[in-house]
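# build me a model from this:
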Amino acid sequence: MAFLLRVELPDVPGSLGALASALGAAGADIEAIEIVEHGRDGTAVDDVLLQLPAHTMPDALVSACHRLQGVRVLWISRYTAGASLRMDLEAVEEMTERPASALSLLVETTPQTFHCDWAMLVRPAGPDAGAVVHATGTAPDLPADVGAWFADSRARRLGEHPAWPGTVLAAAPVRHTDALVFGRRGGPEILDSELARLGHLCALAAAIAI
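Numbers count the residues shown, from 1 in each chain. Sure thing, here's the model as predicted:
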């Protein structure tokens, strides 16, 4: 059973190794670790993709982490977006190899790249306002007030929408007509570093697309 664990830990040598050892001792089989953010207060935020045997409860991982000095679990949940974490560079390489499909690939790779549940490319304004250009199979229906909600010139967090309760949301412009939006049901909150990455990836996809 796959889980995604987001932890805050001291940004010093040995911290990540101690975390991996503690998770392994708790029964977890670690498949990938990704550094999400380096904090200014001497901490780092890491995402850990791991497998748990059926008889092991996620609470055991939380307890193992909290026994380590300076380690704090920010979020843990089942992870259904894919079998491995996808780095930004891999997403860009795939788009570069298939420029005619760059925008649809941007959408399809977003759940793995940003560890979210779904993504969609929408048209917020103009004659086709409210149109969904491309969406992952898990994406929900689009709210009617799409224009006022998504249209902006920067990557940003979105407030919770009544149509998607309990979902953490972010959006970024793609070209002048479209916007990419993704959602995480129940969290974790979107970090500033993730917003910066989202903006860069959307700009790259727009430049690559033909």
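
# domain-wise, how is this protein divided?
The chain breaks down into these domains under automatic domain parsing: 2-78, 88-208.

# possible to save these as a markdown table with mean neighbour count and mean pLDDT?
No exception for glycine: its C-beta is placed from N, CA and C like everyone else's. Below are those laid out as a markdown table (neighbours: other CB atoms under 10 Å; pLDDT from 0 to 100):
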| stretch | mean neighbour count | mean pLDDT |
| --- | --- | --- |
| domain 2-78 | 16 | 91 |
| domain 88-208 | 17 | 89 |
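
# these two touch, right, residue 124 and residue 146?
Yes. With contact defined as CB atoms under 8 Å, residue 124 reaches residue 146; the gap is 5.5 Å.

# now do the strands in this structure.
Counting by DSSP state E, the chain has strands at residues 2-10, 29-38, 43-51, 72-78, 118-123, 131-135, 156-158, 167-174, 178-185.

# specify the angle between the longest one and strand 43-51 in degrees.
Using axes from the mean of the first three to the mean of the last three CA atoms, to 10 degrees, the inter-axis angle of strand 29-38 relative to strand 43-51 is 160 degrees.

# and the contacts of strand 29-38?
Residues outside strand 29-38 that contact it (CB atoms under 8 Å, 6 or more residues apart in numbering): 2, 6, 11, 16, 20, 23-24, 44-52, 83-85, 87, 191-194.

# redo the strands of the chain as a markdown table? Include distance to residue 205.
What follows is those, written out as a markdown table (distance: least, CB to CB, whole Å):
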| stretch | distance to residue 205 |
| --- | --- |
| strand 2-10 | 24 |
| strand 29-38 | 20 |
| strand 43-51 | 22 |
| strand 72-78 | 27 |
| strand 118-123 | 9 |
| strand 131-135 | 11 |
| strand 156-158 | 17 |
| strand 167-174 | 6 |
| strand 178-185 | 8 |
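
# and residue 110, which of those strands is closest to it?
Of all the strands of the chain, strand 118-123 sits nearest to residue 110, with 3.7 Å by CB to CB.

# from the contact counts, what lies against the closest one?
helix 102-114, strand 131-135, strand 178-185 (3 or more CB pairs under 8 Å, 6 or more residues apart in numbering; DSSP states H and E).

# please consider this matter closed, and thank you.
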